[in-house]
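Engineer: Got a predicted model here, sequence first, then my questions.
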Amino acid sequence: MVEDPSLSIAERRAILSEWASDASAVESFPTLRLLPGTSFPATFACVMDTRDQLDRKIAESFEIEHNPLHRLVVADFARRRRDNSAER
């Protein structure tokens with residue numbers, strides 16, 4: 001689910017947050033969550049670890065996209081590509 005390309009990052013995070021909520025808790029076992037479409041419970045910690053993993057992935061992506069050096073490298077690559085195609 002975390003890697004499902006048909007879901008936006010916001011949708012993935014919302015699903016994980018829903019699974020972490022008490023609405024998915026197994027009665028009398030508050031540390032377990034019964035997820036839709038599964039026949040066995042997952043731990044609350046597992047759901048939260050997955051959400052943290054997604055949050056780290058979001059942060060890394062943001063850092064790469066907003067890093068001035070990254071933009072410079074991409075711009076330089078695009079310029080070289082244009083120059084090379086013009087020479088042909």
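Structural biologist: Looks like it arrived, so ask away. Numbering: from 1, shown residues only.

Engineer: And the average pLDDT for the helix or strand where C46 lies is what?
Structural biologist: In this structure, C46 sits in helix 44-65 according to DSSP states H and E. Here helix 44-65 scores 83 as its mean pLDDT.

Engineer: name the helices or strands packed onto it?
Structural biologist: Taking 3 or more C-beta pairs under 8 Å, 6 or more residues apart in numbering; DSSP states H and E as the contact definition, the neighbouring helices and strands of helix 44-65 are helix 9-20, strand 29-33. Heads up, the C-betas are built off the backbone N, CA and C, glycines and all.

Engineer: L7 and R51: what is the separation?
Structural biologist: 14 Å (C-beta to C-beta, to the nearest Å).

Engineer: ok, the two, which is more surrounded?
Structural biologist: When L7 and R51 are compared on other C-beta atoms under 10 Å, the one with more neighbours turns out to be R51, at 18 against 14.

Engineer: Tell me the pLDDT of the nearest residue to that one once chain neighbours are set aside.
Structural biologist: By the measure of C-beta to C-beta, 6 or more residues apart in numbering, the closest residue to R51 outside its immediate chain neighbours is L16, 4.2 Å from it. Note for L16: predicted pLDDT of 90.

Engineer: L16 and A42, how far apart?
Structural biologist: Using C-beta to C-beta, L16 is found at 11 Å from A42.

Engineer: Looking at these two now, which is surrounded by more residues?
Structural biologist: Neighbours were counted for L16 and for A42 using other C-beta under 10 Å; L16 has more, 22 against 16.

Engineer: could you measure that one against T31, distance?
Structural biologist: Here L16 is placed at a distance of 16 Å from T31 (C-beta to C-beta).

Engineer: before we move on, back to that, of all the helices and strands packed on helix 44-65, which lies closest to R56?
Structural biologist: Across those, R56 has its closest neighbour in helix 9-20 (12.0 Å, C-beta to C-beta).

Engineer: rank the helices and strands packed on helix 44-65 by pLDDT, which is bottom?
Structural biologist: Taking the mean pLDDT of each of the helices and strands packed on helix 44-65, the lowest value is held by helix 9-20, a mean of 88.

Engineer: hang on, the earlier thing: quick one: the residue nearest to R51 and Q53 touch, right?
Structural biologist: No - judged on C-beta atoms under 8 Å, L16 makes no contact with Q53 at a distance of 9.5 Å.
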